[in-house]
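In: need coordinates for the below:
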Amino acid sequence: MAEHSDEMRTLIQEIAKVLVDAPDQVSVEAVDDAEGTVLELRVAESDLGKVIGKQGRTARSLRTILSAASMKFHERYSLEIIE
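Out: Have a look, this model is predicted:
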């Protein structure tokens, strides 16, 4: 399971790095909970709007990609953007 978490974490991290102005401040941490794995995305405060997007569209798209990719591993992943 840990190897899958690393792959999913890297996926979200690489996408987020392309979206933001400060890619060196992007970090993703995988936290296991009862329902699956939560990926906690942290970016610079000034880049928060870029990963959330207008009306949350970018965040929703990130969650859709995560959901689609996680079907490959038959595991549940969710994304939280940490302010």
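
In: what's the closest non-adjacent residue to E40?
Out: Distances taken as CB to CB, 6 or more residues apart in numbering place E29 nearest to E40, at 4.7 Å, with adjacent residues excluded. Quick note: C-beta positions are derived from backbone N, CA and C, even for glycine.

In: do me a favour and average the pLDDT over whichever strand or helix holds the one you found.
Out: If you go by DSSP states H and E, E29 is part of strand 27-33. Averaged across strand 27-33, the pLDDT comes to 94.

In: each with direction, which strands does it pair with?
Out: strand 36-42 (antiparallel) (DSSP bridges).

In: buried ones in the strand it pairs with?
Out: T37, L39, E40, L41, R42 (16 or more other CB atoms under 10 Å).

In: one more: stretch 6-22?
Out: For stretch 6-22, by 16+ other CB under 10 Å, it's M8, R9, L11, I12, Q13, I15, A16, V20.

In: same question for the longest helix seen in the chain, mean pLDDT?
Out: Longest helix of the chain, by residue count under DSSP state H: helix 2-19. Average pLDDT, helix 2-19: 91.
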